[in-house]
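In: Pasting the sequence and the predicted model now:
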Amino acid sequence: MRSKLFVPGSRPELFGKALQGEADALSFDLEDSVSPGRKAEARGALQDLLSGPVARASGKTLIVRVNPFGSEHFEDDVRAVVRPGLALLNLPKVESPDQVLAAVRALEAAERANGLAGPVGLLLNIESPRGLRLAYELASAHSRVAGLQLGLGDLFEPLQIARHEPAALHAVMLQMRLAAGEAGVFAYDAAYPRFSDVEGFRAEAALARRLGYIGKSCIHPSQVAHANEVFRPTDEEIAHARRVDAAAADAEARGLGAYTVDGQMVDAPFVNRARAVLGTAKRLGIG
């Protein structure tokens, strides 16, 4: 899931093009991009899309960002979009494990009502100081939680923190990544609002990748190719990973716990990372 493109739920005319595009995942939105008067209309459009064969045949990870838990729209959103084509339900503004558990109950009820056999996962937005502080508790609240997603606009703007301040970005991104790692879930990067600033987008995506994030949100289709490229393992990384994997197999046969590859000491954590790179390359058809 190198790239995830936001698509307003109130713009069904964009659904087909998005499904045919290059984004690994699509995040259909019922929250910020949909005005209050069009929430029901957007829910209906997404219900139709996710219930039909076109969405499931796309091969993409399909996500819906619903309105926050406790809002007047939350339960209606969940009932409408928990359909066979949905992979992840994206919960915004999560701030307590109790909210996660309540969302799970709503999700389970919708699955039963709509006849879903496979469970839908949860992607939790971390976009407030409290949410960031409790990120591990949120991520580990239930096994349905698949990942944490950073929301920098909601986190920074109310505190008058500059959205593009490098030190602030690094600190927050690392804190959330470590929380996700402790909980055993993935970390996903925030959207970059300056969609015409290619250099800035790529720089922020590259920072996220160095910090162990799996991909970046896109608010414009033009950002998708850049996210896909930045989060693709390079040829050099794949080649190094193959050498580490081969050396590990040899070392295991010889009963060695640590050894060198390309002038660097290697042991189990490096082998695990190399095999993760090879797994990603294989999924992308480049390994």
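Out: Received it, and whenever you're ready, just let me know what you need.
In: For Leu62, the count of nearby residues, please.
Out: Neighbour count of Leu62, defined by other Cβ atoms under 10 Å: 24. (C-beta placed from N, C-alpha, C; glycine too.)
In: do the same with Val66
Out: Neighbours of Val66 (other Cβ under 10 Å): 28.
In: May I have the residues that are in contact with it?
Out: Residues near Val66 by Cβ atoms under 8 Å, 6 or more residues apart in numbering: 30-31, 73-74, 77-78, 81, 89-92.
In: Which of the residues you listed fall in strands?
Out: 89-91 (DSSP state E).
In: possible to save those as CSV with neighbour count and pLDDT?
Out: Shown next, in CSV, are these (neighbours: other Cβ atoms under 10 Å; pLDDT from 0 to 100):
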residue, neighbour count, pLDDT
Leu89, 25, 97
Asn90, 23, 98
Leu91, 26, 97
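In: so the spatially most central residue of the chain bridges to which residues?
Out: Closest to where the C-alpha atoms of the chain average out (Cα atoms, centre = their mean) is Tyr188, at 4.2 Å. Beta-bridge partners recorded for Tyr188 (DSSP bridges): Gln149.
In: The stretch 1-150 of the chain: helices as residue ranges?
Out: Shown for the stretch 1-150 of the chain, the helices assigned by DSSP state H, counting those that start in this stretch span residues 15-19, 39-51, 53-57, 74-81, 97-114, 129-133, 135-139.
In: Which stretch among these approaches Ser222 most closely?
Out: Closest to Ser222 of the helices of the stretch 1-150 of the chain is helix 15-19 (Cβ to Cβ; 13.2 Å).
In: Tell me where the stretch 101-250 of the chain is predicted with low confidence.
Out: Judged against pLDDT under 70, the stretch 101-250 of the chain has no low-scoring part.
In: Dump the helices of the stretch 1-150 of the chain to a markdown table, plus mean neighbour count and distance to Lys216.
Out: As requested, the helices of the stretch 1-150 of the chain are exported to a markdown table (neighbours: other Cβ atoms under 10 Å; distance: least, Cβ to Cβ, whole Å):
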| stretch | mean neighbour count | distance to Lys216 |
| --- | --- | --- |
| helix 15-19 | 16 | 16 |
| helix 39-51 | 20 | 23 |
| helix 53-57 | 14 | 22 |
| helix 74-81 | 22 | 23 |
| helix 97-114 | 16 | 24 |
| helix 129-133 | 17 | 18 |
| helix 135-139 | 23 | 18 |
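In: Tabulate those helices in JSON lines, adding columns for distance to Phe195.
Out: Converted to JSON lines, the helices of the stretch 1-150 of the chain look like this (distance: least, Cβ to Cβ, whole Å):
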{"stretch": "helix 15-19", "distance to Phe195": "15"}
{"stretch": "helix 39-51", "distance to Phe195": "22"}
{"stretch": "helix 53-57", "distance to Phe195": "25"}
{"stretch": "helix 74-81", "distance to Phe195": "26"}
{"stretch": "helix 97-114", "distance to Phe195": "30"}
{"stretch": "helix 129-133", "distance to Phe195": "25"}
{"stretch": "helix 135-139", "distance to Phe195": "27"}
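In: Which one, of those helices, ends up nearest to Gly257?
Out: helix 135-139 (30.1 Å).
In: just the CA coordinates of the closest one, formatted as CSV?
Out: Written as CSV, here are the backbone C-alpha positions of helix 135-139 (Å, rounded to 0.1, in the frame of the first residue of the first chain):
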residue,chain,number,x,y,z
ALA,A,135,-1.0,5.8,20.1
TYR,A,136,0.2,2.4,21.5
GLU,A,137,-2.9,1.9,23.6
LEU,A,138,-5.1,2.7,20.6
ALA,A,139,-3.2,0.4,18.3
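In: Which strands or helices does it pack on?
Out: Here helix 135-139 is seen to pack against helix 97-114, strand 121-126, strand 145-150, helix 166-183 when contacts are counted using 3 or more Cβ pairs under 8 Å, 6 or more residues apart in numbering; DSSP states H and E.
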